[in-house]
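Enquirer: Give me a 3D structure for the following:
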Amino acid sequence: MRIKASTKFKSNEEFQEIAKYLQHMLFLDDWFIKFQLVADTIHYEREEGNEHDAVGLTTYDYGNREATIYVQNGDNSSEKSDENDDNVLKNIALLNLIHELLHLKEEYIVLSDCYPNLVDNLSDTDKVHKHMHLEQMAKSIFMAITGADKDFFYK
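Expert: Numbering: from 1, shown residues only. Down below sits the predicted model:
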């Protein structure tokens, strides 16, 4: 399946079809995943009283191989003035979907269930590096399935 490089999905049906295709391609067929396409930024609480905004979010139960993946559809930067927007890269819904699926592949999810102290002892820098490498993998997969090059990511 060749997927067109775009910042947003045309419809929920297209999103669901591509999400299931990517789930299969990433060898996640043994997971029960509910895919949710949302219009706005996702608000969540990482720690008690510590709220964050995201363009993608995965909640999971590793033991039961169940997950819900939320993806904001597209780039809402048109609502902001480009002069006030410090982001260099576009918000790309397909890239966010790939990124969230890769979270289910990460080894630290298994480690966090089996060895919670090991993950808790990772430095903030190590956590940032893990997330940065995951984002690089997501961009590589995006380019492979769409034929886009690195310039597509820039605003």
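Enquirer: From here on, just use CA atoms for contacts and neighbour counts.
Expert: OK.
Enquirer: So Arg2 sits against Phe142, correct?
Expert: No. Between Arg2 and Phe142 there is no contact under CA atoms under 8 Å: 10.7 Å.
Enquirer: More neighbours: which of these two?
Expert: The residue with more neighbours, out of Arg2 and Phe142, is Phe142; 24 against 8, by other CA atoms under 10 Å.
Enquirer: The closest residue to that one other than its chain neighbours sits in which helix or strand?
Expert: In this structure, Phe142 finds its nearest non-sequential neighbour in Leu95, 6.1 Å apart by CA to CA, 6 or more residues apart in numbering. Using DSSP states H and E, Leu95 sits within helix 93-103.
Enquirer: Which elements pack onto the one helix or strand Ala19 maps to?
Expert: Applying DSSP H and E as the criterion places Ala19 in helix 12-25. Under the contact definition 3 or more CA pairs under 8 Å, 6 or more residues apart in numbering; DSSP states H and E, helix 12-25 sits against strand 32-38, helix 93-103.
Enquirer: got the angle for the shortest one vs helix 93-103?
Expert: Right, the one you point to is strand 32-38. Strand 32-38 runs at 150 degrees relative to helix 93-103, counting by axes from the mean of the first three to the mean of the last three CA atoms, to 10 degrees.
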